[in-house]
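Student: Build the 3D model from these lines:
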Amino acid sequence: MLLFAWLSALPGNNVVYCPNRILKGMDPVRSGSRIRNPFAWIWEALSSSEKDVIAMSGVDTAVYFVFLSTVLGILVLSGIILLPVLLPIAITDNGVKTNSNTASNATTTINELDKLSMGNITEKSPRLWAFLAATYWVSFVTLYLLWKSYKHVAWLRSEALRSPEVKAEQFAVVVRDIPPVPQGQTRKEQVDSYFRAIYPDTYYRSMIVTDNKVVNKIWDELEGYKKKLARAEAVYEGSKTTAKPEGTRPTNKTGFLGLVGEKVDTIEYCNEKINELTAKLETEQKVTLKEKQQNAALVFFTSRVAAASAAQSLHAQIVNTWTVFDAPEPRQLLWSNLKIKFFEREVRHFHNSEESGENSSFHKANRAYKGFEDSFGSLSPSTCTDFILGIAAQVLNVFIGVTLGGTLFKTFKTIQKNPDTLVTVLATSLPSNATFFLTFVALKFFVGYGLELSRIVPLIIYHLKRKYVCKTEEEVKDAWYPGDLGYGTRVPGDMLIVTIVFCYSVIAPLIIPFGVIYFGLGWLILRNQALKVYVPSYESYGRMWPHMNNRIIASLILYQLTMCGYFGVQKFYYTPLLIPLPILSIIFGFVCAKKFYPAFQHPALEVAAHSMKEHPNMEQIFRSFLPPSLSADKIDDDQFEDALSQVSRSASIV
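Tutor: Numbering: from 1, shown residues only. The predicted model follows:
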C-alpha cells in the first residue's frame, strides 16, 4: 500500500493506475486528492456507491462485489458468535496431548494453536453441543444472506435490462439448427420468410452466419501490415533531425521474422502489401458471404419485447430445428461454434457433465458464447470451463490435497499397521491442518492483494515497452491497456478461500478473522481497481450470479458433510442432528433455481416492455454484429445480398 501510494502519485504512471478513468475521458485524479493525501483512494473506494461501480465497470462488476460483500457478511456474522463462544470452550478443555519430547518452537506454536480448535475437545464431551449449534448458525447465516443477495442481483439485472438506453443485443436473437434450404430459395430467403410469417409486425432482417476462417486470417494480416506501416512512418519521422532533415527510411527483410530474405523499404513494402491484401480481402468477403453460409443466423426485431419473446418460445414442432435463444453482446459470440448441430451439442454437453467440471477442449468447441454458462449461455472475461475447472482444481489440489497428503505423510506407518484407522486418522488431523490454511489465507491477501494494488508487474512492463518497443500512440496504448477483472481466474481463487474458511470455521474458528481480512481487503482494493483500472470486455448483466451462488452452496454442503464426519469421529451421539443441514442446503439451491434462475436465462417480458428513451437505429444495431473482417468500408449492402436480409428495412424503421 505504501508502494502504491508513492507510485500512483507520479503523473507518468496515471495510465497504469487510472486507465479506466482516462479511457472515459475523466481526470485520473479526483480533484487532486491523491497529491494531498496518498491514501485518499481508501476513502474514495469506501464512499463509492453501487451506481458508481456500474457506471465505471458495468453490472457484472457490481455483481462480483455482491459476491465479495455476501461472503464477508457471512464471515462477520459467523465470527461474532463463534469467536467469543467457541474459543473459550476449546481452550479450557484438554483434548490435545502435547508431545513433551518435541523441543521445536514451531511445533510448540502449532500445539498452542491446536488448543484453540475443536481438536482440543475430548470425545463425547457435552461441550460439543456448542460446536453443533455453531454449525447450524453458520449454515443459517449463509442461506439467509445468499437469499438476500440473489434477490438484490435479480433486481440489479432487471434494472439494467429495463434501462431506456438502446442495447443492440436486446433487439436480436441467435438462431441455430436451420433446416436445409428448400429448392428454389436462398438461405436468407428461407430465414426471412420463416420469421416474417411469425412476426410480421416486428421482424427487421437477418444475418446469416458464415464460415469466416479464411477472411479473418486475411483481415488479421492486413491489420498487422497497417500497424507495421504506422510504426515505420513514426520511426521515419523520428529520424528526421536538423542535421539530416530527409531522415532515414526504415528497411526490413521479407523472409522469416524479418531476419532473412530480400531487404526492402518498409514503408513502400507495407503499402504494397496493404493494397494487395485489401483487394484479396474484398474478393474473399464476397466468396464468404455467398458460398460459406452456415446453418445459423442472427435475427433482428424492431422491438425488444419481440426479441425477448422469440428467445423464450418454441418455434418448431421438432426441437432440433429452428433453435432460438438470446443474443449476447457482439463481442461475446463464438461465430465458429454456431454451426454445431443440436444433437452434437447435446452429446458434448452430456460428455462434459459426465466428466464433472466439463472438459476444456470439448466445452470450448461446444459453446456459442464466451461465458460461464453451457452451450446456451453467455458471459465471462474468461470462459465457463476455466471458471468451473479452476474451482474444482484448486479445491482438490489445495484443500483436499493438503488435508489428505499432509496427514498420510505424517501417519503412513500408523495406517499401514492398522488400515481400519484411516478415516479416524484423517478426521482427527483436520484441526492440525488449520495452521497451514491460516498461513495460506494470510499469504493470499498479503501477497496477492499487495501485487494487485501496486501493479508492479504491469508498471514495469509498460515502462520497458514504452522506452524500447513502442513507436506509435496505438502501441503505447496497447502497452498500458489493463484488460478486465478476469473472473475466470479470480473467482476460483475466491471460492477456494470460501471453501477453506467454511470447512474450518467451527473446527478452528481462528481462521474466520483471516477470511474476513481476505474478503474485506479484496472488496476495498478491487473496488479501487474497478473504479480506476480495469475495463470490462463484455457485459452480461449479472448472468454469472447463479453459478456463483451454486458454488457457495456447494462449499456450504462440503462444510456440513465435513462437520458430520468430524462429529462422528468425536463419538458425539447426537451427530445425526446435522443430517438436515445438507438436505436443507440442497432444497435451498433448488428453490433459488426455480424462483430466480429463469430471469437470468432470459429477460422477463415485463422488463423488456419498459419504455425506451429513443427509437432504436436498427441499421446501426444490425451493423454492430457484423464481424470486423466483413465490415470493411468499401463493402456495400448489395455485396451482402446472399447472407444479409434486406426485408422491410424502411418500413421497419418507420
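Student: hey, let's count contacts and neighbours off CA atoms from now on
Tutor: Fine.
Student: ok, which stretches of the stretch 401-550 of the chain are helices?
Tutor: Taking DSSP state H, counting those that start in this stretch as the criterion, the stretch 401-550 of the chain carries its helices at 401-417, 422-428, 430-443, 449-454, 456-468, 473-480, 487-505, 511-532, 545-569.
Student: would you turn these into TSV with mean pLDDT, mean neighbour count and distance to Asn295?
Tutor: Putting these into TSV (pLDDT from 0 to 100; neighbours: other C-alpha atoms under 10 Å; distance: least, C-alpha to C-alpha, whole Å) gives the following:
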stretch	mean pLDDT	mean neighbour count	distance to Asn295
helix 401-417	58	14	46
helix 422-428	57	17	55
helix 430-443	81	19	50
helix 449-454	91	18	45
helix 456-468	92	15	43
helix 473-480	91	16	37
helix 487-505	89	22	30
helix 511-532	94	22	40
helix 545-569	90	20	30
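Student: between those, which gets nearest to Arg157?
Tutor: Distance to Arg157, taken as C-alpha to C-alpha, is lowest for helix 545-569 among those, at 10.1 Å.
Student: what's the angle from the closest one to helix 487-505?
Tutor: 30 degrees (axes from the mean of the first three to the mean of the last three C-alpha atoms, to 10 degrees).
Student: need the contact list for Val173.
Tutor: The contact partners of Val173, by C-alpha atoms under 8 Å, 6 or more residues apart in numbering, come to Leu298, Val299, Phe300, Ala307, Ala310, Ala311, Val324, Phe325, Asp326, Ala327.
Student: still on that earlier bit, with distance to Ser585 as added columns, please give the helices of the stretch 401-550 of the chain in JSON lines.
Tutor: As requested, the helices of the stretch 401-550 of the chain are exported to JSON lines (distance: least, C-alpha to C-alpha, whole Å):
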{"stretch": "helix 401-417", "distance to Ser585": "24"}
{"stretch": "helix 422-428", "distance to Ser585": "23"}
{"stretch": "helix 430-443", "distance to Ser585": "23"}
{"stretch": "helix 449-454", "distance to Ser585": "32"}
{"stretch": "helix 456-468", "distance to Ser585": "42"}
{"stretch": "helix 473-480", "distance to Ser585": "45"}
{"stretch": "helix 487-505", "distance to Ser585": "14"}
{"stretch": "helix 511-532", "distance to Ser585": "21"}
{"stretch": "helix 545-569", "distance to Ser585": "7"}
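Student: Out of the ones you listed, which is closest to Val287?
Tutor: Between Val287 and the helices of the stretch 401-550 of the chain, the shortest gap by C-alpha to C-alpha is with helix 473-480, which sits at 31.9 Å.
Student: Which strands or helices does the closest one pack on?
Tutor: Packed against helix 473-480, as judged by 3 or more C-alpha pairs under 8 Å, 6 or more residues apart in numbering; DSSP states H and E, are the following elements: helix 456-468.
Student: by how many degrees do the helix it packs on and helix 473-480 diverge?
Tutor: Here helix 456-468 points in a direction 160 degrees away from that of helix 473-480 (the same axes, to 10 degrees).
Student: Now helix 456-468 - C-alpha only, PDB.
Tutor: What follows is helix 456-468 as a C-alpha-only set of coordinates in PDB (Å, rounded to 0.1, in the frame of the first residue of the first chain):
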ATOM      1  CA  ILE A 456       4.300  -3.700 -10.100                       C
ATOM      2  CA  VAL A 457       4.400  -6.100 -13.000                       C
ATOM      3  CA  PRO A 458       2.200  -4.100 -15.300                       C
ATOM      4  CA  LEU A 459       4.100  -1.000 -14.400                       C
ATOM      5  CA  ILE A 460       7.500  -2.400 -15.200                       C
ATOM      6  CA  ILE A 461       6.200  -4.000 -18.500                       C
ATOM      7  CA  TYR A 462       4.600  -0.700 -19.500                       C
ATOM      8  CA  HIS A 463       7.700   1.400 -18.900                       C
ATOM      9  CA  LEU A 464      10.000  -1.100 -20.600                       C
ATOM     10  CA  LYS A 465       7.700  -1.300 -23.700                       C
ATOM     11  CA  ARG A 466       7.400   2.500 -23.800                       C
ATOM     12  CA  LYS A 467      11.100   3.000 -23.700                       C
ATOM     13  CA  TYR A 468      12.300   0.300 -26.000                       C
END
